[in-house]
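S.K.: Got a sequence here, can you model it:
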Amino acid sequence: MAEVDTIPKLVKNNAEQWGNKPAMCMKNLGIWQKYTWSDYYGTVKYFGLGLLSLGTKPADRVAIIGDNEPEWFWAEFAAQAIGAIPTGIYVDSIPDEVKYIARHADVKIAVVNDQEQADKFLELLPELPNLTKIIYWDPKGLKNYDDPMLISFKEVVKLGQEYEKAHPGLFEELLGATKPDDIAFIYYTSGTTGLQKGAMLSHRSLITTAKGFIARYPLDYKDDLISNFPASWVGDSFFATVPHILSGARLNFPEEPETVAEDTREIGPDFVIYGPRQWESLVSEIQVKIMDAHPLKRLAYRALSPLGYKMAEKMLAGSKPGLPLKIGHKIADGLLFHPLKDKLGVSKVRFGVTGSSVLSLDTFKMIHSMGIELRQNYASTEAGFISSHGKGDISFESVGRPALGTEVRLTNEGELLIRSDCMFSGYYKDPEKTAQSFKNGWFATGDAVNINEKGHLIFLDRLKDLGVLASGIKYAPQYIEGRLRFSPYIKDAMVVGGEDKEYVTAIINIDFTMVSKWAQKNRLNFTTFVDLSQKKEVADLVAKDLIRVNSYLPEGSRVKKFVLLHKEFDPDEAELTRTRKLRRGFVSERYKDLIDAMYHLDKEVKVEAAVTYRDGRKGVVTTSIKVRSL
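M.R.: Down below sits the predicted model:
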């Protein structure tokens, strides 16, 4: 196995070991299509040869954009196998974002899902001089296109089959020549502080990270996984795709984003990993169902759910529950928790995982109360798998112990430094930024972290985001925001303060679905999102949750004023990253007048906000936003 040291070599090895066993399942037109490891490797091989026939050379960049479907990953591994370097683009990226990555990475080949993604590249052709071909795998809507730049995925596979006849053994030769320190992928980072950076990761770093993950979360070929992270995000490789290749676990693809819940229920995965927003959305969905349920069901939920919380507290504290609690919980599980988990498609889950950013403490507790062993992961694009909870070693407040083979160190300022074999190889075209990221061979995460007496890492916030008020009192924005998002009525929040500010304030996004249900139930008339968001009754509703969160905070760091924004934070308007992280600096600048108003005696402020639509058109929304006090 020593020579099986790159991702495409692992795919080939799996085909030899598990040939006719299912490797991937994709739901299409309501029917689950199965692909064996032999199918998998065959497509990777011939698509790779097809790329060679189109003139692709080692180190050429291949961009991939589209929904999570088998073709996305076959294209990725095919490019790696011939020495090319794939890079991903988020499926909901607007043309300007596509242009930035394609130009920055000098993309030569674009592999796209469908007409929508093909159109983005066709529109940008004059500005992408290096692009030679656009390969699509879903032909719907492209039948009458006659642009010579376009070619279908199936045609490229056929080209590869013909190419092999003239070049027998070439693919195997190129595959054998791949090395663990070769660049396997360029991942464009979230861009929370500015332009996205292209982080180069080697086969070694991706495989080492995935092996560390499997050491904490044992998987094997009998397990089912869900492909639900954006394929262009590094977390998908760390915690889904590469673990799937290492363990042989089946990777399942839901048919549409809208059918994820239904398809997940059909699959019955053994392991699920969601980002904090997805777990919070899951909890919000439960709360919606409870609000809409029959009064008797609501009564049963209120009566039985405390038993789940009590059992979770006992298990997490490492103490044995008494007989009355065991019997009560057994009844609660049969009547409430198991049916609820079955509805959500997680009844078979051995453990759940969260990562990427801070998860609300209340959400964490609620998932555990249902009987799902939810563990926190901590990783970064540049440093790989940093830490996680282990079995029987879960703490609500921490992100677990460092992963095997990962060294951690804290600076005097509380910044976490990392050293391991999971490290990235640098930022593409930016050696200066790469050098700045390291301190004497240690990667500087930029995260403020504590280490407790049990050796667990306590994530506080980004170092640059940790707030200090004029009084010298410190506050952690992400902690407050996470607890606010537990509210069924709050979709997002940004906490504001600073050394020149006397108190903490907050910009709140209401959850329109939940608040509109509440308004209808309480006979509150409204017309639009803007109208609903500025109602006094809605502000009073949100204020209750702010008061709840304030009760957890020291007096000096409590939220004193807030505004309900007239719209949601939107990645298309650069307010959020594509992984839905808040771009705090950009939002602070964009809503400067609104923030200033919360620190003066203004009772309302007129806001003009530019809106970018899906087709790239821009518009302006003007409204008056009221400043509320607590």
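S.K.: and the longest helix for this protein?
M.R.: The residue-count maximum for a helix in the chain (DSSP state H) belongs to helix 295-317.
S.K.: Okay, buried residues for it please.
M.R.: When neighbours are counted by 16 or more other CB atoms under 10 Å, the buried residues of helix 295-317 are found to be 300-301, 304-305, 307-308, 310-312, 314-316. For every residue, glycine as well, the C-beta is placed using N, CA and C.
S.K.: For it, which outside residues touch it?
M.R.: The set of residues external to helix 295-317 that reach it, using CB atoms under 8 Å, 6 or more residues apart in numbering, is 290-291, 293, 320-321, 325, 328-329, 331-332, 335-337, 365, 368-371, 394-396.
S.K.: Looking at the buried residues of helix 295-317, which is nearest E16?
M.R.: Minimum distance to E16 across those is 42.1 Å, recorded for M315 (CB to CB).
S.K.: how much space is there between that closest one and G355?
M.R.: 22 Å (CB to CB, to the nearest Å).
S.K.: swap in G248?
M.R.: For G248, the distance to G355 (CB to CB) stands at 23 Å.
S.K.: Also A166?
M.R.: Distance check for A166 against G355: by CB to CB, it reads 46 Å.
S.K.: In terms of neighbours, single out the busier of those two.
M.R.: Neighbour tally, A166 and G355, criterion other CB atoms under 10 Å: the higher count belongs to G355, 23 against 9.
S.K.: Assign the residue lying closest to the more buried one once chain neighbours are set aside to helix, strand or coil.
M.R.: Taking CB to CB, 6 or more residues apart in numbering as the measure, G355 lies nearest to N377, with 3.6 Å between them; neighbours along the chain are not counted. Per DSSP: H, G, I helix; E, B strand; the rest coil, the secondary structure class of N377 is strand.
S.K.: Work out for me the element the residue nearest to Y552 when sequence neighbours are not counted sits within.
M.R.: Beyond its immediate neighbours in the sequence, the residue positioned closest to Y552 (CB to CB, 6+ apart) is R483, lying 6.5 Å away. Assigned by DSSP states H and E, R483 belongs to helix 477-484.
S.K.: From the chain's centroid, how far away is the next helix or strand after that helix?
M.R.: Proceeding C-terminally, helix 477-484 gives way to strand 490-496 as the next helix or strand, assigned by DSSP H and E. Between the centre of strand 490-496 and the centre of its chain there are 18 Å (CA atoms, centre = their mean, to the nearest Å).
S.K.: Name every strand pairing with strand 490-496 and say which way it goes.
M.R.: strand 504-510 (antiparallel) (DSSP bridges).
S.K.: Next, the angle strand 504-510 makes with the following helix or strand past the partner strand.
M.R.: Of the helices and strands lying after strand 504-510 in sequence (DSSP H and E), the nearest is helix 512-521. Here helix 512-521 runs at an angle of 80 degrees relative to strand 504-510 (axes from the mean of the first three to the mean of the last three CA atoms, to 10 degrees).
S.K.: starting at the chain centroid, how far to helix 512-521?
M.R.: The mean C-alpha position of helix 512-521 is separated from the chain mean by 27 Å, CA atoms, centre = their mean.
S.K.: same question, stretch 539-551
M.R.: Mean-position distance between stretch 539-551 and its chain equals 28 Å (CA atoms, centre = their mean).
S.K.: Show me the contact partners of it.
M.R.: The contact list for stretch 539-551 (CB under 8 Å, 6+ apart) reads 480, 483-484, 487, 489-490, 506, 508, 510, 515, 518, 558-559, 562, 564, 626, 628, 630.
S.K.: switch the cut-off to 7 Å
M.R.: Contact with stretch 539-551 is made by 480, 483-484, 487, 489-490, 508, 510, 518, 558-559, 562, 564, 628, 630, as judged by CB atoms under 7 Å, 6 or more residues apart in numbering.
S.K.: following the helix or strand of the chain with the lowest mean pLDDT, which helix or strand comes up?
M.R.: For the chain, counting by mean pLDDT, DSSP states H and E, strand 604-612 ranks last in confidence among helices and strands (a mean of 72). Moving toward the C-terminus from strand 604-612, the first helix or strand encountered (DSSP H and E) is strand 618-629.
S.K.: Please enumerate the helices of the stretch 151-300 of the chain.
M.R.: For the stretch 151-300 of the chain, the helices defined by DSSP state H, counting those that start in this stretch cover 153-166, 170-177, 203-216, 234-236, 242-247, 260-267, 276-292, 295-317.
S.K.: What is the neighbour count of E432?
M.R.: Neighbourhood size, E432 [other CB under 10 Å]: 8.
S.K.: That one belongs to a helix, doesn't it?
M.R.: Yes - in this structure, E432 lies within a helix as judged by three-state DSSP.
S.K.: Which residues are in contact with it?
M.R.: Under the contact definition (CB under 7 Å, 6+ apart), no residues are listed for E432.
S.K.: Could you list the low-pLDDT ranges of this protein?
M.R.: Low-confidence segments of the chain (pLDDT under 70): 1-2, 190-194, 356-358, 609-619, 621.
S.K.: The same query, at a cut-off of 50, please.
M.R.: Per-residue confidence for the chain (pLDDT under 50) gives these ranges: 1-2.
S.K.: how is it carved up into domains?
M.R.: 7-179, 276-462, 480-629 (automatic domain parsing).
S.K.: out of these, nearest to I214?
M.R.: Proximity to I214 (CB to CB) singles out domain 276-462 among these, at 10.1 Å.
S.K.: And that closest one, end to end?
M.R.: In domain 276-462, first residue to last residue: 16 Å (CA to CA, to the nearest Å).
S.K.: Neighbours of V399, how many?
M.R.: 25.
S.K.: Repeat that for S205.
M.R.: Residues within reach of S205, counting by other CB under 10 Å, total 28.
S.K.: With N452 instead?
M.R.: Applying other CB under 10 Å, we find 11 other residues in the vicinity of N452.
S.K.: any idea which element the residue lying closest to it once chain neighbours are set aside lies in?
M.R.: Excluding its sequence neighbours, the residue lying closest to N452 (CB to CB, 6+ apart) is I458, at 5.9 Å. Using DSSP H and E, the secondary-structure element containing I458 is strand 457-462.
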